[in-house]
Structure formats: C-alpha cells, structure tokens
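Asker: output the structure for:
(chains A, B and C)
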Amino acid sequence: MADIYTPEWYSEVRDAMNARIATMKELPTDEILIKVEIVGDGVSPYVAAAAERHFLVKIEDGRCAWYREVEGDDPALTLNYRFRGSTTTFDEIAVGLEDPINAALQGGIKVRGDMRFLMRQAEQVQVLLEAYATGVQTSWPKGRPPYAPSEQEQVRA
Amino acid sequence: MTRTYEAIVIGSGHNGLCLAAYLQRAGLSTVVLERRHEEGGGTNTEEPVLPGFRHNMHAQFMEFFDIMPMIEDFGLEDLGLRTVMPEAQAGITFADGRPPVILHRPDLLDRTHESIARYSRADADRYVELKYRAASLEQMLAANLYTIPQPASLDEQGEMITSGFGDMGVGPQFLMKSPKNVIDELFETPELRALLYRACVEWGYPIDGQGTGAGFLLFVMWTLGNWKLVLGGTHGLAKAMTQACYREGVDLVENVMVDQVIVEDGRAVGVRTRLGEFRATKVVASNADLRQTLLDLVGGEHLSALWVQRARAYRYGPSHVLGTPCFCLYEPPHYKSARWDPAIDRCFYTMVGFDGPDDTIRYIRDAYSGQVPKPAAGTWVNSLWDASQAPPGRHAATGWYFLPCASELTAQEWAEVRTTFNEQFLDVWHESAPNMNRDNVIAHKLYTPDQMERKNLMREGDFSNGEFSADQIGPNRPFPEASNYRTEIDALYLCGPSSYPGGGVHAACGYNAYKAIAEDLGLPSPALAERGY
Amino acid sequence: MRDAYDAIIIGAGHNGLTLGAYLARSGLEVLVLERRHEEGGGLCTEELTQPGFLHNVHANYHTFVDLAPPVHDLDVRGHGVEYVRPDVQMASIYDDGTALTIHTDLDKTCGSIARFSEQDAETFRRLYTEAHGYVDLLLGTLMYQPPMSVKELTKALSTFDVEGRSEFLSVKLRRETINQFLDQHFTHPKVKAHLAFHGAVCAYTNDVPGLAIGFPLLVGKIDNWHLCVGGSHRLAHALWRDLAQHGGVMVSDADVRVIVVEDGRAVGVRLADGAEIAARRLVASTVSVEQTFLEFLEPAALPAELPERVRKDVKHKDWSLFSVHLAMSALPRYEAAAFDPDVDRAWVVNLGYGSLQELNADFDAVRAGRLPEPKPNAAVNSLYDPTDAPAGCFTGLLRQFAPFSIAQGGEGEWESLGRWYGYRCIEAWRRYAPNLTDDSIIDWVPYTPQEITQKLPNMVRGDWMMGEVSLANMLDQRPLPELGQYRTPVDALYMAGSTQHPHGFITFAPAYNALQVIADDLGIDAWWRQV
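Answerer: Numbers count the residues shown, from 1 in each chain, chains lettered A, B, ... in the order given. Alright, predicted model coming up:
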C-alpha cells in the first residue's frame, strides 16, 4: 500500500487506470496533457495551507503514459485540461467519501479544457475516475478524511 | 484612481481626434476624454426621427477633404471614409416657379454660367471668373488654413487682393467692406445676391460684418460649390478618424466629462473627472470652447486679469446659430422651378422660401437680432446621392434654419418653436414644390440651438464656438494673445474651433495645434514639402 | 478600403467584431463590413428622445461579461468598458401590492421568496447553489465551444449519472417546459411566475418543451445581470478598438450585396456601390441565414435544396418585443414599496405577471397576432448609471411581449398602433407607480417589432434572438443541421453570428465558437485556448 500523493501511489493509480482502459475499445489516439492542481486549504494535512502541488499527466492512445510532479506552469507546454481543487476534495475522492463527478458538478473541482471531447469520451473518463477513486489501496500517514474541524473552524463555530 | 499619459485631449470633436492621432504617432501616449457617448462632436449623424432615416445634425457639406492632411497622412480612405460630390451644388428656387439659380461643381462651371446667365450674362461671366481666380489661389489658401496664423498687415492683405482680383474692379478697400457690400458691388442679379447672402453666412461670415469683405472673395468664393457628401453621413469621418486613432494606440474614453484642468505652479498637469484624475506629463489640449476651457475648466484664479477679460468678452453667435429640421419623406421635393432647369431637383443645397435679396437679408437680420425669422431654409436630401441614408423608396431631408442665439428665447419658447416651426416651413416648401404636401411627409422633428448647446456644448448653439467677426478671426482668434494655440498656462493648448480658422470640417485647428505643440516639444513637424503645409 | 483582405466579416455586431479582433490578433488582415452607420448591431445606444438621454435600443442586459472568454482575451475592461452589477437585480410586482425581489445577496433573495413560501425559498436556495456549482461546467460545455448533439449530451449526462447526483438535473428536462419544471419543484404561483418571467426575458419561453434543459443555467446566473455604464454601445466601441489596435479595419455604411463564389469557394464580397473586395482566406457572415443564403449567394453556388430549406425550415421566434423609451424627471415610486422597499431600487421590474397561466395566456395571444393587455417590464438604468441622463433626469425602458405581425394587417399595423400601445404601456406602469404623471415624463418614443427589423434587418421578423429558442433549434441543429458547426456548404464561408449556437444575446459565444472551427480549418494557432 502506498502513501497518498507519493510517486509509488501515483504509479499504482496509473497502473489501475491502464488496466481498466485496456478493456475498452475505440480509444482516441490524441495526446492529451492534463494538469492536476491540488490546493492547500488548511484542513487536509497533505498540502500546507496557501501551498499547491501540481501534477502533469500524459494520456496517449487512451492510456496514462506518464505523470510527474511539477512546479507552476511551463509556458512551453500546451495543456489540454486543468483540474483544480482543494486538497480535502481530492483526499475525499481518494478515500471514497466524495465522488469525482459530484465534485465537478458542485464546483469543488474546477475543470477547464475541451468539454466536448470530455463528454464524448464520457465512458473512458468515468473509468479513469473510478480507477483513481477506488482502484488503489492507499495508506494515510497523516490521517484520513473525514477530517475533524481544524482549531480555527472550531473557534469560528 | 489616477491615470497618467503624456498628452490629454479634452473633447473628441474632429479637431481633437486629429490632434490625438498626430500626437500618438509622434510617440506621446495620448488619451481623448469625451463627455458624450459618441465621438465626433459636430461630425454627427443620427436617426432622430425614424429608424433608417439619417440626418447630419451639424456638419453636412465637406469642402476641405482634398486638402485635409489627416486624410492623406492616416489613410482615412482605407479606413472607410468614402464620399460623393453632387454635380449641382447650391441653388435657390422660388415659389412663383421662376428659373432657379444653381451653382455647380467646379468642373461644371459652364452649367453655372448658363444658370446665372438666364438672369445676367455679366454676372455669369463675373462669377465664373471669380471662381477661377479663387481656385487658382487654392494652394496658398490651403497653406494658410493649415498654418498657425501670423498677423499680416493690412497693406499686405490689400496687395494680395489687388494682385488677385484688381482687374475685376476689386481694390484694397474691399478689406473694410462687409460681404454684403462686396456682393452688391460685384453682382446685379437679385436672385444671385439672395443665394450668395445666405451662402456667405452658411460657409463663412456674418453678412453685415464690416471688415470681412476679403474673406468673401478668398474664402467663400473658393469653397462655394466645392462640397462633398460623406457616404453614410458625416459621422463616417469621425469613425475613420477614430479608427485611425485606435490604430495608433490612442485611448478614447467616452461618457466622461472633464470637470477641471489641474494647474500646478502655472502649468497644466492633468484633469479631474468622475473617474478620478488623468495626469498629463507633457500636454493638455482642449477641443472645448474658449470660455469653457479658460473660465470653467481652468478658472479665473489661474489666469491673468487680461486673459479673464478677453475670455469674458469673447462672443458667440449670432451668425453660426442654426436649427436643424429633419424630415422623413416618401418623395424628394419636385420644384416648380425645375421646368426651367431640372437640376434644381437634384441640388445638394437648395434655398427654399426666399423670394429675393431683401427678404433674405431681412431673414438673416431677424435671426441676428434675436427674433425667430420667417420660415425659410437651406435644405438637402442626401438620399438622392446616398441610398444608405434612407430606407428603400424613401428619402431623408434635412435643413438649416437661421435661428436666434439660444439665450434669446426661453425654454418654453424654444419648445414652442420645436412644435410649430416645421409645420410653418412645410407650408412654405409646398409653395415652391407642390408635392411637398403633408401626405409626402412621414414624420419630422426640429433640433434647436438650445438643444445643441446642451448636446454638444456649442455655446448659444454657435457651431463655430465663436462669432466670425473681423475682431475674432484670423490672427485675432479667439483673441490676439491666444491666437497661436498656446495659452498663458504652460502645457495647455487650444485645439478647437474657438481657435483659427474656426468652425468647419477642416481639422485645421487640431493640425495647427499639433504644429504649435511640435515646435514647443521638439516633435516631428507634420508638414510635407510636396503639399506645402 | 483596400481591395483584398485575408478575412472579410459581414456585420459588425458584437459577434462580428469579436471574431474580427481574434483573427486580427492572430495576424490576419481583417475587414469587418457594417451596413449601418454605426457598429455594434444590438449594442445600440441612441438619444431617441432628447439629447443627453442614452437609450439602449436593443441589448440592455449583459449577463456573461465576467465569464465569456473574449472579455478577458480582448481586454474589454482595458478598453474602458465599465460594468455595474445592480444589487437589486430584478423584481416582480403583483396586482395585490406584494412583490418579490432578486438580489445579488442570496440570503436577501431567499428572504423575499420566503415571504410567499418558506418551502420555495429553501428550494430556490438549493437550486441556486446547485446550479452555481456547475455553472462554469455548463458554460464551458454548452456555451463556449462548438456544439455537440442533444443525443451526445444526453448520453454523456447519462454515463456520468448526472441525474443521480443532482436534485434538479435530469434527462427528462429535454422534454419538459419550464412550466413543468417549476410545477415540479415550486409551490407558490407568484414565485413560479417570477422565475418563468425571468426565463422569458432571456427568450426561454416558459411553455416551450425542452427549454427546461437550459433553466438551471438561467438560475445559476439569475443574479449576474450587468449594466454597461454609458450605454451598451460602449462595448461595441471597445471591441472595435481592439480590432483596430491589432490592424483590423471596420467600415460602416458598407452594404454587402453579394458573396462572390468561384469553384465552390467564397473569394470575396461585392457592395451595393459595386466595390469588390477579395477575401484571401475566409468570409464569415454574422447576419441572418436568409440574407446570407437567399440574398448574397446565387442558387447555383449552393446545394439544390438549401434555398428552399432556408425558406421553410429556418425557425424564428414566435414573439417579439415592443418597447417604450422614456426621458423622465422622476423615478418610479412603486406602491409595492410598502411591502418591499427594495422594489424601488430593482433594475428590472415585472409589472403584473402573478401566475404561469397569465404568462401562458399572453404568449398564446401574442402568437395569434394579438396585442395583450400590457404587462410590461420596466428598467430604469439611471438607478445604477446616472451618466445615462442629464442631472436630475432618468431614462426609462418598458418592454412588452408582442407579436411581430399583427393579425389582419401584418407588421405594417404597427405604424398606426405604436403610439397607442406605447401610451397603454405607460398607463400600465402608472398603475403600479402612480407618481409617474405626465409631468414626470419629458418625452417618450415607442419602438415597435417592425422597427426592430427596419433598423436591424438581420433580426428577421423582429426576432432578436436570430432564431427560435427551442429544442429543435438548439446546439448542432441551429439554425439548420448543415450549418450547425459554423461551416457552410461553400468552402471558406462561415456563419459566426447569433443564428448559430448558442443563440442571440450578448454572449460572444457564436463568434468564439466559430473561431475554433476557423482556427482548425485554417491551421491558425489557437493562442487563446489557455486552459
């Protein structure tokens, strides 16, 4: 079991996605570059508040070819999609407390890019999201959601 | 919030747009601040009566396009400026159906001759000869227009008149005469006199103004019958100029009234508006009228007593104060006089409601003395040459009434004029053109001097922003100390028609203001050797 | 004007100018041709009554100005456009003196609704919150990209089980009317009436099957209406300026008569005055389908059946708008202010529709060519933009749902009825705001559906959305299936105006979407597609 957000964990997610994808037919051959931005929110312990972690994911022939952690935006790269959300949201998806589609619908994860392509590839997207959400055994060294309200939130409440 | 530019131009009348384009091209970051929601000032075209019927609410007859530097320098024709030049230019027609007098385009002077000769061969010969003489002076007249005025001695001017026109019985004393004196001395035909009296006021000077007689010979005779129509309406010029400004990078902000020019240590450093301050590191130029600029925006406390006196003494009207009636018609007017010369039905500017010189002069003098004159007008139907100015099968007619200065009538009285005057004029029009009955008129509206004052800040409704009398023209405009576009406030310039050469669509006030600024700041001169200015 | 450009765009409405500006920024030589003497199309502001009173003749409400990609890409705000978002967006005033107000503050809106029904207030809160969550997604999917088909959309929504994840989204919406949606979720007739009225003002008529699919988007933006300071026309100036600063040229008073076609390819245009201008790479039309395919193109240049299909199958709105523009010296003081003082500050006021039945009945009457008893909506822009009238004065705008063609007489009847109906609309306003006596109205003019078409012929039969808003005329079917992706049967000829997906209104979307297709076809690098 890999710790959440570690290179090992991402490799397992990638493998889980590709295993599921292998069973699908008629995959688009496009090369797609996706940026995933996980924004610190002061609740999840995995990214400091006001910090962000960014990941690039490359899809080729429908499969996840590689991912890597990056800093900021590289102007030389043309992104096809950007998914951005709070760390807590991503954590909750990984642990199965939140559904990625739901998160997108509620604006918890902001999606930018060619939505028409995304909608046309709905099945594939669904499969990839499922792989992310449920396809990997994850360990949570700093604790797992649901998170107790932070001290600040307790004071506010 | 403060925004900083190198140059601020107050007002987007065509002079302000011209100045802004040249300043930006010379490398100064420039902003034009316009009070209204549309640029262009008097170069304004609207559909004030019915959709699809266009009316030029102010400037209508374009005399200077062949010589206007900005058109050439900024490629305005590539930016959408298109014109047409009607053959029959100015005419007068009569209720009793006697022959009209029609002045044609300069390339068709033989027709002009024929038209005048019906009444007097001598007048026809003289008119045509004067036109030739004036045309031959065009190069010099153009250079004069687009050059900062220098005081010229009366002797010099007298020599110029004599050398140009001496053999036609014109002498230096003509400088002292009023245009009416000059017209009466040179021409005998009453009908021609009537046409020239009114044309002189429309395109030049108060008819009885002593000391502008030379202006009639040089300026009015030069421009008479030299008029083009901007296709789509005069606002097309404003659009092409605005587009040129945009291309150069000028910022143009509408809906922002300038409340004050900020003066620090005797220098104009910016302006105050509802959006905050705009700061100018090099130039503040005003296209607004003289009194507004000096007394309202700058304020007497920053000016010398002399300048305050001059500004207060500066006069507006009565000669360039007009009312603009707008008519939506089924058919264009067909005049009784057309049976002698059908060209009167397709004449660019047609005087209607005048019988001869006496009633014309009375009309003009009534308006000058603060009374609403009898219903009579100069009229035009642009849709005859430009189908875009009216819906298919319809016509848009517009005109000019001479009306008193805005302050001569109360708001109530002006409202009364707006409600009644067009109807009275329609009766008169009907006498000259039987088809101009009420059935031919779909709708109409009248735009009066008090409205012009509010809309365009043309004080008293004077579209020249200052009377064209001998003491307020040329190197005396607006007054001698301010005649070179500079003011006694550092970095503050005048660029509107309160400056030389005055009202009219020539962009010379803006162009010459640029020249003054260029001299002061070491910017490139816009003059081209091949054109002489 | 030169005699050749890379791209010629017909029509300088906001779509034409937007497309032109993007192409100019992409390095093409662009010419935008406008028949009128003013650019802007529906972004038209004129002193219709008296000097100093700025009246928005057409577009008055700018809803997408903080969301549309072109507003950012073309630096609209940098060009000097100012927007105000009125805090009291809209109100309904009912005949019994009660009123409902919509605010930019959700709590205030819910508070107002709760006075009629607490349950409806809670439902509204949930609907708004849910819609607000996915509004960006919706816009990105449905508005600012070339369309997919209803079928594709429904299949994707089904795959993602959106229905199971949301309270209000459902595949059934594509068959339902807004009335049905409202009946399912809300209880109080006045609440439903206001929401239906809101949809109608957005051209989503409440009794048309399938329009429920767009309703969540409308609710998600119900508090996002913006007013353009100084008049809608300022936006046109800003777009023109961007075009010109990047080397493009807009020529007004240019009446295109012919699109020149050689070997099946659009190669230029000819104007009414005979001038011919060549287009090296593309011609884009933003005017009507009828003008483009029946006037500008020879039948020989088109597939045989297309002209007939344009004549028969292009669907237009079955109702138009009658307007009254007023110059006023007093603000309306509504009697309903006793119930809710905020109505006096509401930007847009529905005067009188208190139930879905009333709306339905009036639309039925209008569709039959009859003039309903006026229940106009009133907007006083001066409340939020004092620059649009002289000091101490105000501009007023009344809009009434009305037929284009009046039964037994056609649209020509408007010439004699305009003044009369205008007076009746003003009388209707007075019933709710009795302080608007004759003394407080300085001047007024009617603006009839017939005049809409006279002024803007691309708005065929007073159709200011440039095409019916209905399920059958949506997405890739709009305006005809063969034109639904901005391309036409003629090579290098595109449709880029409000006839196209999504529809009319100030969205910038037809141009932005046509741009994507043009960029793909011409190999233009899509620098604006920044994700």
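Asker: so where's chain A uncertain?
Answerer: A:149-157 (pLDDT under 70).
Asker: what sits closest to the residue in the stretch 401-531 of chain C positioned nearest to chain B if chain neighbours are left out?
Answerer: Distances between the stretch 401-531 of chain C and chain B by C-beta to the nearest C-beta are smallest at C:K455, namely 4.1 Å. The C-beta positions use only the backbone N, C-alpha and C, and glycine is treated the same way. Nearest in space to C:K455, with sequence neighbours left out and distances taken as C-beta to C-beta, 6 or more residues apart in numbering or on different chains, is B:P51 at 4.1 Å.
Asker: contacting residues for the one you found?
Answerer: Applying C-beta atoms under 8 Å, 6 or more residues apart in numbering or on different chains, we find B:P51 in contact with C:451, C:454-455.
Asker: how about C:A193?
Answerer: C:92, C:94, C:350, C:353-356, C:358-359.
Asker: quick one: mean pLDDT over stretch C:312-331.
Answerer: On average, the pLDDT along stretch C:312-331 is 97.
Asker: so is that stretch next to chain B?
Answerer: No - using C-beta under 8 Å from any C-beta of the partner chain, stretch C:312-331 never reaches chain B; the gap is at least 12.1 Å.
Asker: what about that stretch, start to end distance?
Answerer: Taking C-alpha to C-alpha, to the nearest Å, the first and last residues of stretch C:312-331 lie 46 Å apart.
Asker: which parts of that stretch are buried?
Answerer: C:314-328, C:330-331 (16 or more other C-beta atoms under 10 Å in any protein chain shown).
Asker: same check, this time on stretch B:146-163
Answerer: B:146-149, B:157-158, B:160-161.
Asker: next: stretch C:256-274.
Answerer: Quick answer for stretch C:256-274 (16+ other C-beta under 10 Å): C:256, C:259-261, C:266-269, C:271.
Asker: from C:A433, how far off is whatever residue of the stretch 351-500 of chain B ends up closest to chain C?
Answerer: In the stretch 351-500 of chain B, the residue that lies nearest chain C is B:K455 (3.6 Å; C-beta to the nearest C-beta). Distance, B:K455 to C:A433, by C-beta to C-beta, to the nearest Å: 29 Å.
Asker: give me the residue from the stretch 151-300 of chain C nearest chain B.
Answerer: Counting by C-beta to the nearest C-beta, the stretch 151-300 of chain C gets nearest chain B through C:D253, at 2.6 Å.
Asker: thinking again about what came up before, the buried residues of stretch C:256-274 in strands, which ones?
Answerer: C:256, C:259-261, C:266-269, C:271 (DSSP state E).
Asker: in CSV, list the C-alpha atoms belonging to the longest strand belonging to chain B.
Answerer: The longest strand of chain B (DSSP E) is strand B:276-286. The C-alpha trace of strand B:276-286 is given here as CSV (Å, rounded to 0.1, in the frame of the first residue of the first chain):
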residue,chain,number,x,y,z
GLY,B,276,-10.6,60.3,-11.0
GLU,B,277,-7.6,62.2,-12.2
PHE,B,278,-5.9,61.9,-15.5
ARG,B,279,-2.4,63.3,-15.4
ALA,B,280,-0.6,64.6,-18.4
THR,B,281,3.2,64.9,-18.3
LYS,B,282,3.5,67.0,-21.4
VAL,B,283,0.3,68.3,-23.0
VAL,B,284,-3.3,69.2,-22.1
ALA,B,285,-5.2,70.3,-25.2
SER,B,286,-8.8,71.4,-25.2
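Asker: I'd like the next helix or strand past that strand.
Answerer: helix B:290-291 (DSSP states H and E).
Asker: so for that next one, mean pLDDT?
Answerer: On average, helix B:290-291 scores 96.
Asker: what sits up against that helix?
Answerer: Under C-beta under 8 Å, 6+ apart, the answer for helix B:290-291 is B:311-312, B:314, B:459, B:465-466, B:478, B:482, B:494, B:498.
Asker: swap in 10 Å and give it another go.
Answerer: B:297, B:310-314, B:316, B:459, B:465-466, B:472, B:477-479, B:482, B:487, B:494, B:496-499 (C-beta atoms under 10 Å, 6 or more residues apart in numbering or on different chains).
Asker: next, count neighbours for the nearest residue to C:L436 once chain neighbours are set aside.
Answerer: Leaving aside its chain neighbours, C:L436 sits nearest to C:R430 (5.2 Å; criterion: C-beta to C-beta, 6+ apart). By the criterion of other C-beta atoms under 10 Å in any protein chain shown, C:R430 has 16 neighbours.
Asker: give the buried residues for the helix or strand hosting C:R430.
Answerer: Element membership for C:R430, per DSSP H and E: helix C:414-432. Under the neighbour-count criterion of 16+ other C-beta under 10 Å, helix C:414-432 has C:414, C:417-418, C:421-422, C:424-426, C:428-430, C:432 buried.
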